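Enquirer: have a look; sequence and predicted model below, questions after that.
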Amino acid sequence: MSNLFQHYFKGDRFLWLAIIILSVVGLMAVYSSTGTLAFAKQGGRTEYYLFKQGSFMFLGFLLMYLIHRIDYRYFSRISQWLIWIAMVLLVVTIFAGNDINEAKRTLTIPLVGISFQTSDLARLALVMYIARYLSKNQDKLDEWKPFWWLVAVIGVTCFLIMPENLSTSLVLFTTSLVLLFIGNVRMKHLLVLVSSFVALLSIGAIFLLNAPDNMLPGRAKTWKVRFENFVGGDDQDAYQTIQAKIAIANGGIIGKGPGKSIQKNTLPQAYSDFIYAIIIEEYGLIGGILLIVVFLFILFRSIRMVVRSPRAFGALLAVGLCFTLVFQSLINMAVAVALFPVTGLTLPLISMGGTSIIFTGVAFGIILSVSRTTEDDEDEVENSNAKFNTPIQPNADNA
Amino acid sequence: MSLRKSILLRTRIVSLFIIIFALIIIAQAFELTVTNREEYVKLSKEQSIRLRDVKAIRGNILSNDGRLLATSLPKYDIRFDTRASKISDELFRNEVDSLAILLSMHFPDKNFNLWRNYLLNGRKNKERYLLIHRNVSYEIAKDMSDWPIFRMGKFAGGLIKEEHNVREMPFGRMARRTIGFTSRAGNSVGLELSFDSLLRGKSGKRYEQRVSANVWRPIEGDEFEPENGYDIVTTIDINIQDVAEDALRRALDSANAMSGCAILMEVETGAIRAIANFNRMKDGSYFESMNLAIGDASDPGSTFKLASALALLEEGFIELDDSIDINYGKMQFYDRTMEDAHNSPHKKITFRDAFEFSSNVGIAGLVEKFFKNNPQRYIDYLSRLNLDRPLGIELRGEGNIRIKSPKDKDWNLTTLPWTAIGYESRVTALQILNIYNTIANNGRMVRPFFVSEIRKTGKSFWKHEVDIINEKVCSQATIDKLKELLVGVVERGTARNLKNLEYKVAGKTGTAQLYRITGFDKNSHKASFVGYFPADKPKYSCIIVVNEPRKGGYYGNIIAGPVFREIADKVYATLLDIHPEVEPDENIILPIVKDGYRDDIKFVLNTLQISSNTKEGNNGSEWVRANRQQNYISLTPKEFNKNRMPDVKGMGIRDALYLLESMGLQVITQGYGWIKYQSLPPNTPIYPGNKVFIELKP
């Protein structure tokens, strides 16, 4: 049985286990927390959302399985043009996207009719591109030029996401900085970048908070309101935050038990932005801590890949994607426990949402692919250090 | 440092930060789940779920023929959550105009522009509980769910309906104190109070959960249904009540009296068919502010002489035609002098005359003569007539009743003769009526009642049965003699003005001086008439009391008699089964006929065998104007146009209300009698929901 599993499911078995645990928790939490939504929109058929989420999860797993069988080195090549496709799609979204909660975030794929969030694709593409670019240009990192090129790509991508989804944009920018840091970019370059970014952000924030409402374009008003509310306002977002706190408090240490959440009815977005609060309400502080532990565990399995991966691209790709997912998870949790203002970021694999689950599946597929290739390589390469020390030339490029 | 080592080091540094971040999250979660838990659990209990009473619908109070006297209607306060989930900027922009049009049509207190601005401002200010309108009817509230924006969904469309019940009295202030009401302070009176526990029903409970800031949604399955209140069928006959109130009010008004009451009771059963009470208000108008008929216990005056006569006759002390001493209408009892209303040229008259002409001296003298050695025996008769204690009716608030007894400290030698003619006692109008009713009912005393049936969801739950207080208060011989006396009062005595050719009335007048702290006030009187009809086959007994008439005399026959007559005429006219066959009379006096519904008027006139002449209108209108001609009533059709204000002047309240309300108007009325004024001139265009004020004058 174990051999059969290993035959079809390659790569880090512990990572697989963690992913399966998260998916099961996700299904249970979504089933429980969509009660109100089902009441309002589906005439009380709560199975509707369970089925919908289950279908997306199946699709996510299928992609994860297929992708993990691909040699990760192909992604290096894909990333070269995927980033440009993503940028074009972001531009299209700004002008022709679907309205959801007053924000244009999704794009309907013509003919298929499925709508997806273009920022999810852009995020994946950008991480892949950074990993490739850094691994290819390790010898030129002392120069300013390749650094600024990378910063430009990151900046444009984040800028295109920003008008409709500031929080995703900021999280992606931060993740990219961390990736640059891990990818051995020189500290002086990073310091210059960070300090100029902080200055820019401060100017922007001051402008935003002082400008009269009617002069602000589109989403800028929402950002302002959200920020003001977090600082001490009283509106829907503040209401959500209090409801989330109540949910967590209700849960206590051991929780109310699966499906027993009361706050799912009062907490808007209980099934996405605030699902962590519902999880604590039902499974208690213990459940909440265990969930964090699972995410941290995923992070450590990715560090293990850095140790063992023969190629810098694989290491950076796996670590980059893992950090993106874990970082996003922690921010979602921080929102739920009222440490951060409401961002709209989902909890990967757990929150309800189609594209989020599919792209998370793709991301894990790539991570598992790196892990699988690493395991395969270990048999072939005696001294994996060798490849790291020789000039970095990912094999995929030579293929 | 090798590349791998460098990457590994940096990865570990970042991981460290991530672990710190994770620990902060855990610390925050710990604070919420452990340290600050109580605060939020308390908040949760307060705000997210509440247990609400679901008020039962209060039962109806019905007239004897099942018409609603008091009913509870659901009304809705309508609010608007301008930020409900499905109201996007685009949707709001597109549909706000149509919503404003509908609002301005149904709630004309704001025109289209005002409504539009109101909605726009509400949305701009993110109102989640914007008041649209209070006390909206069920029908309109139901329709509103289909209006633009609101139709987006029960919660998502932002329409918030808050239900409450409003007590409505379809007949306005009619029998106000008897039907009862609940004051703003929450104090009830009348049947509303006496039957509160039945009317109220049992409230249910349900859990509700907050959906958004001000919207609560019932949680399915956790509901304890309320048990709605019972319906109370009263004995009140709306038609007679209307006549009684109308007649009494006019009598009070023309006598400029302080207050008055009228009660009509069914002889055999004790059912109260009409009960009217009026007090003069500061502005000179009359208003039913106290239930005098059952609550005001005071010196009854001459009507009390029936009890004395009963005692004297039953004891066999006197016969009707025995001669008695009245000493020209003035007699000394110990240290007090008693006088009749008029001096008499006679030293002696018959007992019959003494009663029929209401001689104080005659009646008091007899009672003093025969009972002075055993006054308790006389008092026992009063007790047998239930005059010394409350009747124990369903309505609360019977007056502070008092008949002095020889054992009492304030009993003195003059108490007996003065009690005999209706002084030094406190009894209510209903008690006096009750003894006349007992005589009419051949000595069987029944308890007066107001509620004939209690119904639960249309099914009879309890029915009143005749409640006998005393099967026979005295011998049949005495009853017959008393009846003879009471007929004599109308035929020959003090109430000759009530003599009627069609049917005989039996009764007694009463004119009491009102007692003040300073003594009897010669200028303040209580004029009353009490009796029954038809005298030979009594169906109804009736009492009229007028307190402190200031104009046109103070004698019972003059002030109270006509009111009795008017009520009796009306009752007699409507109770066709007690009519003897009448020969058409050439000298028939034509009644005054209100304008109204043609077929009704024709039916009445035909039944009364009064000829009428109908001019057919072009459109065959069902509504006619009635005019009294020489010897017939002419009926001219009133032409009403659709969606135009009809001319209701000259009509009675019921026809006008039917007509106007069926056109969708909200009618506010004031006064009694005929409609003299209407706020919308005839032929004004009208729209459903418009308000019209009509004023009636006798």
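Expert: Sure thing, it's come through.
Enquirer: ok, now which ones touch B:Gly329?
Expert: Counting by Cβ atoms under 8 Å, 6 or more residues apart in numbering or on different chains, B:Gly329 touches B:339-340, B:342-344, B:359, B:361. Glycine gets a C-beta too; all of them are placed from N, C-alpha and C.
Enquirer: want to throw the residues you listed into CSV with neighbour count and distance to B:Phe150?
Expert: Converted to CSV, these look like this (neighbours: other Cβ atoms under 10 Å in any protein chain shown; distance: Cβ to Cβ, whole Å):
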residue, neighbour count, distance to B:Phe150
B:Glu339, 12, 78
B:Asp340, 21, 78
B:His342, 10, 77
B:Asn343, 10, 82
B:Ser344, 20, 82
B:Ser359, 28, 78
B:Val361, 25, 80
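Enquirer: select from those every entry located in helices.
Expert: B:Val361 (DSSP state H).
Enquirer: and which of the contacts of B:Gly329 is nearest chain A?
Expert: For the contacts of B:Gly329, the minimum distance to chain A (Cβ to the nearest Cβ) is 83.3 Å, reached by B:Glu339.
Enquirer: the contacts of B:Gly329 in strands, which ones?
Expert: Helix and strand membership here follows DSSP state E; of the contacts of B:Gly329, those in strands are B:Glu339.
Enquirer: okay if I get the contacts of B:Gly329 as JSON lines plus pLDDT and distance to chain A?
Expert: As requested, those are exported to JSON lines (pLDDT from 0 to 100; distance: Cβ to the nearest Cβ, whole Å):
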{"residue": "B:Glu339", "pLDDT": "87", "distance to chain A": "83"}
{"residue": "B:Asp340", "pLDDT": "86", "distance to chain A": "84"}
{"residue": "B:His342", "pLDDT": "81", "distance to chain A": "85"}
{"residue": "B:Asn343", "pLDDT": "81", "distance to chain A": "89"}
{"residue": "B:Ser344", "pLDDT": "82", "distance to chain A": "90"}
{"residue": "B:Ser359", "pLDDT": "91", "distance to chain A": "84"}
{"residue": "B:Val361", "pLDDT": "91", "distance to chain A": "86"}
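Enquirer: so which bits of the strand or helix carrying B:Arg4 are buried?
Expert: Secondary structure here is read from DSSP states H and E; on that basis B:Arg4 sits in helix B:3-30. Under the neighbour-count criterion of 16 or more other Cβ atoms under 10 Å in any protein chain shown, helix B:3-30 has B:3-4, B:7-8, B:10-11, B:14-15, B:18, B:21-22, B:25-26, B:28-30 buried.
Enquirer: distance-wise, check A:Gly251 relative to B:Asp109.
Expert: 49 Å (Cβ to Cβ, to the nearest Å).
Enquirer: okay, the two: which has more neighbours?
Expert: The neighbour comparison of A:Gly251 against B:Asp109 (other Cβ atoms under 10 Å in any protein chain shown) goes to A:Gly251, with 30 against 9.
Enquirer: that one: what's it in contact with?
Expert: By Cβ under 8 Å, 6+ apart, A:Gly251 lies in contact with A:280-285, A:287-288, B:33.
Enquirer: where does confidence bottom out across those?
Expert: Sorting the contacts of A:Gly251 by pLDDT puts B:Thr33 at the bottom of the list (84).
Enquirer: ok, that one touching A:Ile280?
Expert: Yes. Between B:Thr33 and A:Ile280 there is a contact at 6.8 Å, judged by Cβ atoms under 8 Å.
Enquirer: give me the common contacts of these two.
Expert: Where contact means Cβ under 8 Å, 6+ apart, the residues bridging B:Thr33 and A:Ile280 through contact with each are A:248, A:251, A:288.
Enquirer: take these and keep only those in helices.
Expert: A:248, A:251, A:288.
Enquirer: what's downstream of the helix holding B:Arg4, the next helix or strand?
Expert: Tracing the chain past helix B:3-30, the next element assigned as helix or strand by DSSP H and E is helix B:37-47.
Enquirer: need the CA coordinates for that following helix. CSV is fine.
Expert: Only the C-alpha atoms of helix B:37-47 are listed here, as CSV (Å, rounded to 0.1, in the frame of the first residue of the first chain):
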residue,chain,number,x,y,z
ARG,B,37,-12.6,35.9,27.1
GLU,B,38,-15.4,37.1,29.4
GLU,B,39,-15.7,40.5,27.8
TYR,B,40,-16.4,39.1,24.4
VAL,B,41,-18.6,36.3,25.6
LYS,B,42,-20.7,38.8,27.4
LEU,B,43,-20.8,40.9,24.2
SER,B,44,-21.8,37.9,22.3
LYS,B,45,-24.7,37.2,24.6
GLU,B,46,-25.9,40.7,24.4
GLN,B,47,-25.7,41.3,20.7
